[in-house]
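Chemist: Curious how this folds, go ahead:
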Amino acid sequence: MSNSVEKIRGIYAITPDVSLNLDQVEKVITQHCISILQYRRKTADDDLKLKEATKLRQLCLQHHTLFIINDDINLAQKVGADGVHLGKNDTSIEQARQLLKDDAIIGVSCYDDINLAINAQEKGATYVAFGALFTSSTKPDAPHCSLDTITQAQQTLKVPIVGIGGVDFNNQEDALKAGCTAVAMVSALFAR
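Modeler: Residues are numbered from 1 along each chain as shown. Sure thing, here's the model as predicted:
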């Protein structure tokens, strides 16, 4: 297991879709010992995304934190990110692997579907994400994924499992006990 994969544990921070507050992000990284950070920005133009992602990349390098870009392989290439996270309507794992360096981290959203996760693992995904585990303010319409599904997936998969959706400091332990390797948080970290 590579050093990068070993860092997919604990709290997986995801930036909110608002103007970047670099000081806040750095505080979150240091305060919560964040080993992996995902830049998820849907509502900004490409120039702003490039500026923000470049600043975040530098911050992550400074703190030895893995830096993942949500959905955008081109942006991941431009800033030298450690990898990319793909949803079901994004580029395929194979295309991402071709475009990014061999050791790039490729995460895949699997919602509540263990078969999707098994398929992603077979195609070379570095980790899989399941959720929403709990009610999510970031994605209120996301399909629910039970903790039992996580437990079943953990018995089948070899790659790390990231639990996402409504995870906070009160329920993170439930997700980790169910079999998540890491838990993704947005609001619990940044809505302060």
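Chemist: hey, let's count contacts and neighbours off CA atoms from now on
Modeler: Will do.
Chemist: Quick test: name the residue nearest the centre of this structure.
Modeler: With distances taken as CA atoms, centre = their mean, residue 38 lies nearest the centre of the chain, 5.3 Å away.
Chemist: list the contacts for it?
Modeler: If you count contacts by CA atoms under 8 Å, 6 or more residues apart in numbering, residue 38 has them with 12-15, 67-70.
Chemist: And what about it, helix, strand or coil?
Modeler: State at residue 38, reduced to three classes by DSSP: H, G, I helix; E, B strand; the rest coil: strand.
Chemist: Could you check how far it is from residue 148?
Modeler: 26 Å (CA to CA, to the nearest Å).
Chemist: Give me the longest strand you can find in the chain.
Modeler: strand 105-111 (DSSP state E).
Chemist: what packs against that one?
Modeler: strand 83-86, helix 93-99, helix 114-122, strand 127-131 (3 or more CA pairs under 8 Å, 6 or more residues apart in numbering; DSSP states H and E).
Chemist: For that strand, give me every contacting residue.
Modeler: 4-5, 68, 82-88, 93, 96-97, 116-117, 120, 124-132, 143-145.
Chemist: could you flag which of those are buried?
Modeler: 4, 68, 82-86, 93, 96-97, 116-117, 120, 125-132, 143-145 (16 or more other CA atoms under 10 Å).
Chemist: Quick one: low-confidence residue ranges for this protein.
Modeler: Scanning the chain for pLDDT under 70 picks out the ranges 1-2, 192.
Chemist: where do the helices sit along the protein?
Modeler: Here the chain has its helices, by DSSP state H, at 3-6, 22-31, 46-62, 73-79, 93-99, 114-122, 147-156, 172-178, 187-190.
Chemist: in the fourth one, what's buried?
Modeler: Within helix 73-79, the residues that count as buried by 16+ other CA under 10 Å are 73, 75-77, 79.
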